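1. coords below, sequence missing:
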């Protein structure tokens, strides 16, 4: 009862904005959406209240939600409400990774090691002898060598525009973040399935998760943008994260294989964070899996889907913890550093690990 009072107190304390009343969603029993029906969660109430208070008063925060052990324990909106869709930018990449895993699970492709010229015509591309060496897993791990030129989205032939540029290095011999590379991945996906990533996700991923209200931007040829372009509700961000925390299982269905979840969120590439474009990540040895970021917190891996401007789905499967955050696209670097420090170094550690 004491912990129920804590949740009610937190809700009352932080509900200073004019939003629609938060309603319970009962259509998916995998997550208990009823904020007033929370079992004992064995946390330090003062620490949780203090940490959340620091976060929700940050100027650039739009919304934050927390699921712990399959229960929604906190949800707050500075902008919008439970019906609002927020642009999640590069979190789109992690969704693309998920549906690629489903293709392998469904035996549509054998594995992620096919070369892309099996599906794309590279004959007229500059330096085809090098670019035909790019494999699907190179695109998933950001080590294809493809430059990060986001102007592809306004080009009439985006894939040719991307692949006509010189590679930064031989495929597999470096690492660079590239939204252009993941748009090529979207093109490969569409060639394999004969449908857009959006349509496939609607049927095999979002549909089973009960995600019905979303938007996915397309390029000028109608191809789902592989680099960014998704807009999701906060609760749908939480659903996607909770699917990964539960190793791909949703209710009684294994939507994504455990093997793919674990491989996607392992450190396939490693580098030091704390500098460059992603300097607001924890300052330690970071890693990158199959379009997921991986960081070490208290000697345990915490993995994240991240998007421009401070969009986060942060997962700690040892705690069965999902934290989703939507921020203003115009958020400052100071904001992103501040919220990352609060979440990675403070908020996560408040929650006890779950015995499994």
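-> Received, thanks. The shown structure was predicted, so the numbers you read here are calculated from the model rather than taken from an experiment.
2. so how far is the host helix or strand of residue 240 off the chain centroid?
-> Per DSSP states H and E: residue 240 is located in helix 234-245. For helix 234-245, the separation from the chain centroid amounts to 9 Å (computed by Cα atoms, centre = their mean, to the nearest Å).
3. go on, stretch 125-142?
-> 24 Å.
4. flag every buried residue along that stretch.
-> 125, 131-142 (16 or more other Cβ atoms under 10 Å). C-beta coordinates here come from the backbone N, C-alpha and C atoms, glycine included.
5. with stretch 207-214 instead?
-> Buried residues in stretch 207-214 (16+ other Cβ under 10 Å): 209, 211, 214.
6. same question, stretch 107-119
-> Neighbour-count burial for stretch 107-119, with 16+ other Cβ under 10 Å as criterion, is recorded at 109, 112, 115-117, 119.
7. can you check stretch 165-183 too?
-> Applying 16+ other Cβ under 10 Å to stretch 165-183 flags 165, 167-168, 171, 175, 178-183 as buried.
8. ok, now stretch 98-109?
-> Applying 16+ other Cβ under 10 Å to stretch 98-109 flags 98-105, 109 as buried.
9. report all helices and strands that the helix or strand encompassing residue 182 contacts.
-> Here residue 182 sits within helix 179-193, counting by DSSP H and E. Counting contacts by 3 or more Cβ pairs under 8 Å, 6 or more residues apart in numbering; DSSP states H and E, helix 179-193 packs against helix 91-105, helix 136-141, helix 158-163, helix 197-201.
10. now do it against helix 91-105, angle only.
-> Helix 179-193 runs at 30 degrees relative to helix 91-105, counting by axes from the mean of the first three to the mean of the last three Cα atoms, to 10 degrees.
11. before we move on, the earlier item: now distance to residue 159 too, for the buried residues of stretch 125-142, in CSV please.
-> Conversion of the buried residues of stretch 125-142 to CSV gives the following (distance: Cβ to Cβ, whole Å):
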residue, distance to residue 159
125, 9
131, 11
132, 14
133, 17
134, 12
135, 16
136, 15
137, 19
138, 16
139, 12
140, 17
141, 20
142, 18
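12. now for those: which two are most distant?
-> Every pair in the buried residues of stretch 125-142 was compared (Cβ to Cβ); the two farthest apart turn out to be 125 and 141, at 21.3 Å.
13. any weak-confidence spans in the stretch 251-356 of the chain?
-> 271-285, 296-300, 356 (pLDDT under 70).
14. would you map the helices across it?
-> 258-264, 333-342, 348-350 (DSSP state H, counting those that start in this stretch).
15. and those: which comes nearest residue 63?
-> Ranking those by their distance to residue 63 (criterion: Cβ to Cβ) puts helix 333-342 first, at 12.2 Å.
16. for that closest one, the distance to its chain's centre please.
-> The chain centroid and the centroid of helix 333-342 are separated by 18 Å under Cα atoms, centre = their mean.
17. quick one on the thing from earlier: of the buried residues of stretch 207-214, which is the nearest to residue 195?
-> Distances from residue 195 to the buried residues of stretch 207-214, taken by Cβ to Cβ, are shortest for residue 214, at 16.3 Å.
18. isn't that closest one right up against residue 237?
-> No: under the criterion of Cβ atoms under 8 Å, residue 214 makes no contact with residue 237, lying 10.3 Å away.
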